[in-house]
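Colleague: 3D model of this:
(one chain, ligands or ions: 2)
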Amino acid sequence: MNIEKFQESMYKLIVETSTKLPKDVRRAIKAAKERENAGTRSAMSLATITNNIKMADDNVSPICQDTGLPTFKIKTPVGANQIEMKQAIYNAIAQATKDGKLRPNSVDSLTGDNSGDNLGLGLPVIKFEQWEKDYIDARLILKGGGCENKNIQYSLPCELDGLGRAGRDLDGIRKCIMHSVYQAQGQGCSAGFIGVGIGGDRSSGYDLAKEQLFRSNDDVNPHEDLRKLEEYVMANANELGIGTMGFGGETTLLGCKVGVMNRIPASFFVSVAYNCWAFRRLGVAVNPETGDINEWMYQEGEEVDFGATEAEKETAASVEETNVVELQAPITEEQIRALKVGDVVRINGMMYTGRDAIHKYLSDNDAPIDLNGQIIYHCGPVMLKDEDGKWHVKAAGPTTSIREEPYQGDIMKKFGIRAVIGKGGMGPKTLAALEEFGGVYLNAIGGAAQYYADCIKSVEGVDLMQFGIPEAMWHLKVEGFTAVVTMDSHGNSLHRDVDKSSLEKLAQFKEKVFN
Ligand SMILES: O=C(O)C[C@H](O)C(=O)O
Ligand code: SF4
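Modeller: Ligands and ions are numbered 1, 2, ... in the order given. Coordinates of the predicted model:
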């Protein structure tokens, strides 16, 4: 095999997967967009999402800043040198990271050190299998952390919120799947895709669930019962009304694929792998002699192009109908108290990134800069340094805020921070702090990393670089950065409301459907 050529083919697969959504995923997003009523928050979010997909296409830049945990599934003809292929994949991963197509995402679990090149113990994941065919089938999924955290595994029988008992039968499985969509809310950047694995043990069950994410979203399950189950979930999950980013709306789920394997008598697992709308998985058929790509997978059918001008117009139009407030830090308590859930804010000026490592750090240490009246952005961007040592933002969407729940309220009070931007919402502790102190939670559109990178006009500095690129505190100057107030200083939370109403709707699916 021409291994240099194979490495080049793997590099192409990585770049294409990170920057261009496959056609089956685009079709699902397009259909969701057509279902959503113009002018709603969900419609506005979907317009931002499609606009972002288009920008990623045009810029050949990551669709989302979290380029995930790369997982390769490779089938090789008997005799192919898998050791050599593995090294070529490592090289291609390191190169794609250097080129800003992947965020350095490989972190030492104990020390927190970022390897900087996406390599390290156990990463990337590469699963080889041999087969009788005469070509290499190489598939890649880049599954981000926010949606990965919303995976869930049920051990039947069990009691489920809203649904009651789930027994060891098809109907119990049905309840688990409906519950899995409910518990994800908008935190995994809904609308999402789910892969479900029935049976196995805890680890093979999850593997089976993830395996389902490699099926085309348009296929039909050949197993009769599973086909019925998939169709049932697709027909009913949207009734939960969680909507894009958990804003409420018509589309919550874009795909559901279910697989089954045997189990041992005592165990009955239903494992669900949740994937965000930024469903980045592609595949190629490679010639085992030349290393060239013969064919791309998941690319049947017409091009689904999200025309930028049309999307931009729609985004702008839906924003105009809402109350738009301009914000510039430092922000006063009075300005914050004037904001209400549902308002759209447009931010100009400075904001500072802070996510997991920074929140932990700030709870024990002083801030490196004066944060009084400032805005914290829950974001781990993709950054590149040019020859002059200047940093450039390549992708910069929000991260899931709920992880900072234990710290957020205390830190806002300690440093006088008036606004935090993130996605998926926060819990009761933060809501109480916002009310007491005069703060606001702003929801940006998860995954819209190109859209927000475009709003960032310059990088003015960086602190705490020892935490690595995604976790450092970046000083960003923005223009026209748009987000929605979803938690205000009057005790209102859109997230709490959508959770409550979707739980009520979930209870409508309590009655037996399958025997
Ligand atoms: O790590 C990130 O940038 C985001 C993460 O994928 C998330 O959804 O929270
Ligand atoms: S931020 Fe959202 S879109 Fe990006 S990887 Fe995380 S869950 Fe997916």
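Colleague: quick one, phi/psi of whatever residue of the chain ends up closest to ligand 2?
Modeller: Nearest residue of the chain to ligand 2, counting by Cβ to the nearest ligand atom: residue 144, 1.9 Å away. In this view, the C-beta of every residue, glycine as well, is placed from N, C-alpha and C. When quoted as degrees, to the nearest 10, the phi and psi of residue 144 stand at phi -70, psi 170.
Colleague: leaving out sequence neighbours, find the closest residue to it.
Modeller: residue 66 (3.9 Å; Cβ to Cβ, 6 or more residues apart in numbering).
Colleague: now do the same contact list for that neighbour.
Modeller: 103, 105, 144, 145, 146, 380, 397, 399 (Cβ atoms under 8 Å, 6 or more residues apart in numbering).
Colleague: and the third one, how far from residue 427?
Modeller: Here the criterion is Cβ to Cβ, to the nearest Å. By it, residue 144 lies 21 Å from residue 427.
Colleague: those two: who's more crowded?
Modeller: residue 144 (28 against 17; other Cβ atoms under 10 Å).
Colleague: check which element follows the helix or strand containing residue 482 along the chain.
Modeller: In the assignment (DSSP states H and E), residue 482 maps to strand 473-487. Downstream of strand 473-487, the first helix or strand assigned by DSSP H and E is helix 494-506.
Colleague: now that following helix, how far from the centre of its chain.
Modeller: Here helix 494-506 is found 21 Å from its chain centre; the criterion is Cα atoms, centre = their mean, to the nearest Å.
Colleague: over to stretch 366-384?
Modeller: Here stretch 366-384 is found 21 Å from its chain centre; the criterion is Cα atoms, centre = their mean.
Colleague: same thing with stretch 152-171?
Modeller: That offset, for stretch 152-171, works out to 26 Å (Cα atoms, centre = their mean).
Colleague: same question for stretch 351-371.
Modeller: Remark: stretch 351-371 is offset 23 Å from the chain centroid, using Cα atoms, centre = their mean.
Colleague: for that stretch, buried residues please.
Modeller: 351-362, 367-368, 371 (16 or more other Cβ atoms under 10 Å).
Colleague: before we move on, what about stretch 194-205?
Modeller: Within stretch 194-205, the residues that count as buried by 16+ other Cβ under 10 Å are 194, 195, 196, 197, 198, 199, 200, 204, 205.
Colleague: now the strand holding residue 482 - C-alpha only, CSV.
Modeller: This file holds the C-alpha atoms of strand 473-487, laid out as CSV (Å, rounded to 0.1, in the frame of the first residue of the first chain):
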residue,chain,number,x,y,z
MET,A,473,-9.2,32.8,29.4
TRP,A,474,-9.3,34.5,26.0
HIS,A,475,-10.0,38.3,25.9
LEU,A,476,-12.2,38.7,22.9
LYS,A,477,-13.4,41.9,21.3
VAL,A,478,-16.8,41.3,19.6
GLU,A,479,-19.2,43.1,17.3
GLY,A,480,-22.9,42.2,17.0
PHE,A,481,-22.6,39.0,19.0
THR,A,482,-26.3,37.9,19.4
ALA,A,483,-27.7,35.8,22.2
VAL,A,484,-31.1,35.2,23.9
VAL,A,485,-31.9,36.0,27.5
THR,A,486,-33.1,32.6,28.9
MET,A,487,-32.6,33.2,32.6
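Colleague: show me what that strand is packed against.
Modeller: If you count contacts as 3 or more Cβ pairs under 8 Å, 6 or more residues apart in numbering; DSSP states H and E, strand 473-487 packs onto strand 344-353, helix 428-437, strand 440-443, helix 449-455, strand 456-463, helix 494-506.
Colleague: mind checking the SS state of the residue in the chain that ligand 1 sits nearest to?
Modeller: The minimum distance from the chain to ligand 1, using Cβ to the nearest ligand atom, falls at residue 146 (1.7 Å). Counting by DSSP: H, G, I helix; E, B strand; the rest coil, the backbone at residue 146 sits in helix.
Colleague: contact partners for it?
Modeller: Residue 146 makes contacts with 66, 187, 188, 189, 276, 399, 400, 423, 424, 446, as judged by Cβ under 8 Å, 6+ apart.
Colleague: now with 7 Å, please.
Modeller: Shown in contact with residue 146 (Cβ atoms under 7 Å, 6 or more residues apart in numbering): 66, 187, 188, 189, 276, 399, 400, 446.
Colleague: try residue 180
Modeller: Counted by Cβ under 7 Å, 6+ apart, residue 180 has contacts 152, 194, 272, 274.
Colleague: tell me the average confidence for the strand or helix carrying the second one?
Modeller: Okay, so that is residue 194. Residue 194 belongs to strand 192-198 when assigned by DSSP H and E. The predicted model assigns strand 192-198 a mean pLDDT of 98.
Colleague: over to stretch 172-185?
Modeller: pLDDT averaged over stretch 172-185 gives 98.
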